[in-house]
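Novice: give the three-dimensional model of this entry:
(one chain, ligands or ions: 2)
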Amino acid sequence: MRTIKIIDDIVKDGLTTIGEGYEITSDVEGADAILMRSTDIHGMDMPASIRCIARAGAGVNNIPHAELAERGIVVFNTPGANSNAVKELVIGLLMMGSRDVLGGMQWCRAHEDDPNAYAEAEAHKKAFVGREVKGRKIGVVGLGAVGSKVANACVDLGMKVYGYDPYLSVDHAWQLYRDVTPINDLDELCRECDYLTVHVPRKEDTVGMIGAEQLALLNPGAVVLNYAREDIIDEDAMEAALASGQVKQFFTDFATPKSLHMPRTLVTPHSGAGTVEAEASCARMAVDEMCDYLANGNITNSVNFPECHMGTCRGASRIACLHANVPNMIGQITAILADASANVQRMTNENSGRAAYTMFDTDEHLEPQIIERLRSIPNMWRVRVIQ
Ligand SMILES: NC(=O)C1=CN([C@@H]2O[C@H](COP(=O)(O)OP(=O)(O)OC[C@H]3O[C@@H](n4cnc5c(N)ncnc54)[C@H](O)[C@@H]3O)[C@@H](O)[C@H]2O)C=CC1
Ligand SMILES: O=C(O)CCC(=O)C(=O)O
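Specialist: Ligands and ions are numbered 1, 2, ... in the order given. Down below sits the predicted model:
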């Protein structure tokens, strides 16, 4: 029986794909895997039993995945599974930033006991006049699963859409409407934008990438949205831009001590992906990735190990080796197997960045001392006997 520790609220619907042979445990100690969402697990004592962590969501800045790779722990995420939810909210907020919907509603509520409210509303409605987004310029920073959908939806709204993404994947490029104009320079993208929205992961080169300089390039009275991570946009710079009127309205999904006190800032409680559909599809994808890894060693959508698929084991035994991406690892593995006269049925090796993965099926079970020899190869992070 394999055991899974669930951190965070994972919707029941998403757990339905956990098949037989798995049980949910309340104790992380001794668990095989962790299923989680946004809790920050930096600094968490990670038991040696944990083989993988599946993050039901896109961002993995809450998980020390590089460090965990070296402990042989595979970290998965669920690319694209919640992107439509974020897109829909961003488009809704774009409208809120263009028409004073909230101000108008608050005015009506404040007049709930006024018998003349109906007539007074007609007289007051001018105070809530907005502008249309059609024909306005929007800059989209990051054109991945979320950004590409936001950009396309803005084209559908008749906006002039510009996108900045130096690492744009071929898949996402294919999905982009041809009316989205790619811009190779961030400052150029920001220049004279009426709207700016960020959809990049939190990493070294994205933290604070929108600062005072970029905000100053926007058209005065611009609307800015941050549904990526709290520090992609420099908060001090944003506060100053809001105070000067350079930014008319700021929407953010992150209730930081500062954002909650900034003028003309509307904050949501990290609810960009908060739809039943997104929660279920993230959970299902995370569960599928986790179970396929635990049962078969296959890796899909890992952020710290390469993609690797060998179906189900057809031999007597399947062994997976998680190791550093350095020369002569396969040479050392095969030398040990040759020494043991082990017949390898199938073998695959993949690498990405600092990590590599070698998986093989053998005709017979390997003796424990052979497994120990594999484990003792320098730069070998973990050897799993899957079957
Ligand atoms: N508020 C919420 O509930 C949610 C927030 N997010 C956040 O949004 C981020 C993006 O999500 P997805 O679109 O699903 O991820 P994704 O990985 O599909 O897209 C990210 C895009 O950012 C681009 N990028 C990376 N570095 C860049 C840079 N320096 N400059 C410009 N572009 C850069 C990548 O090339 C990629 O195309 C996530 O990492 C997460 O932090 C995602 C989903 C829900
Ligand atoms: O799990 C969540 O609720 C947050 C979603 C998110 O931020 C992400 O997918 O990156």
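Novice: verify the stated contact: residue 144 with residue 172.
Specialist: Yes. Under the criterion of Cβ atoms under 8 Å, residue 144 lies in contact with residue 172, with a separation of 5.6 Å. For every residue, glycine as well, the C-beta is placed using N, CA and C.
Novice: contact partners for residue 278?
Specialist: 81, 82, 84, 85, 86 (Cβ atoms under 8 Å, 6 or more residues apart in numbering).
Novice: with respect to residue 40, which of these is nearest?
Specialist: In terms of Cβ to Cβ, no member of the contacts of residue 278 lies closer to residue 40 than residue 82, at 18.4 Å.
Novice: pretty sure residue 47 sits in a strand.
Specialist: No. Counting by DSSP: H, G, I helix; E, B strand; the rest coil, one finds residue 47 to be coil, located in no strand.
Novice: burial measure for it, as a count.
Specialist: For residue 47, the neighbour count with other Cβ atoms under 10 Å is 14.
Novice: distance of it from ligand 1?
Specialist: Going from residue 47 to ligand 1 by Cβ to the nearest ligand atom, to the nearest Å gives 27 Å.
Novice: for that residue, which non-adjacent residue is spatially closest?
Specialist: Spatial nearest neighbour of residue 47, excluding adjacent residues (Cβ to Cβ, 6 or more residues apart in numbering): residue 29 at 5.2 Å.
Novice: so where do the strands sit in the stretch 51-200 of the chain?
Specialist: For the stretch 51-200 of the chain, the strands defined by DSSP state E, counting those that start in this stretch occupy 52-55, 74-76, 137-141, 160-164, 181-182, 195-198.
Novice: what helix or strand does residue 322 sit in?
Specialist: strand 317-324 (DSSP states H and E).
Novice: in the stretch 251-387 of the chain, what residue is nearest ligand 2?
Specialist: Using Cβ to the nearest ligand atom, the single residue of the stretch 251-387 of the chain nearest to ligand 2 is residue 273, 3.9 Å away.
Novice: thinking residue 289 is in contact with residue 300, fair?
Specialist: Yes. Residue 289 lies in contact with residue 300 (Cβ under 8 Å); the separation is 5.1 Å.
Novice: which one of the two is surrounded by more residues?
Specialist: Neighbour count, other Cβ under 10 Å: between residue 289 and residue 300, residue 289 has more, with 23 against 15.
Novice: distance of the more buried one relative to residue 386?
Specialist: Separation of residue 289 from residue 386 (Cβ to Cβ, to the nearest Å): 15 Å.
Novice: and for residue 207?
Specialist: Distance, residue 207 to residue 386, using Cβ to Cβ: 38 Å.
Novice: mind checking which of the strands of the stretch 51-200 of the chain is nearest residue 93?
Specialist: Closest to residue 93 of the strands of the stretch 51-200 of the chain, according to Cβ to Cβ: strand 195-198, at 8.9 Å.
Novice: what lies in contact with that closest one?
Specialist: 90, 94, 97, 133, 136-142, 147, 150, 159, 190, 209-210, 214, 218, 222-228, 232-233.
Novice: using PDB, write out every CA atom in the strand holding residue 322.
Specialist: Provided in PDB are the C-alpha atoms of strand 317-324 (Å, rounded to 0.1, in the frame of the first residue of the first chain):
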ATOM      1  CA  SER A 317      11.800  -5.900 -12.200                       C
ATOM      2  CA  ARG A 318      12.000  -2.200 -12.900                       C
ATOM      3  CA  ILE A 319      14.700   0.000 -11.400                       C
ATOM      4  CA  ALA A 320      14.700   3.800 -11.500                       C
ATOM      5  CA  CYS A 321      17.900   5.800 -10.900                       C
ATOM      6  CA  LEU A 322      17.700   9.500 -10.100                       C
ATOM      7  CA  HIS A 323      21.100  11.200 -10.500                       C
ATOM      8  CA  ALA A 324      23.100  14.200 -11.400                       C
END
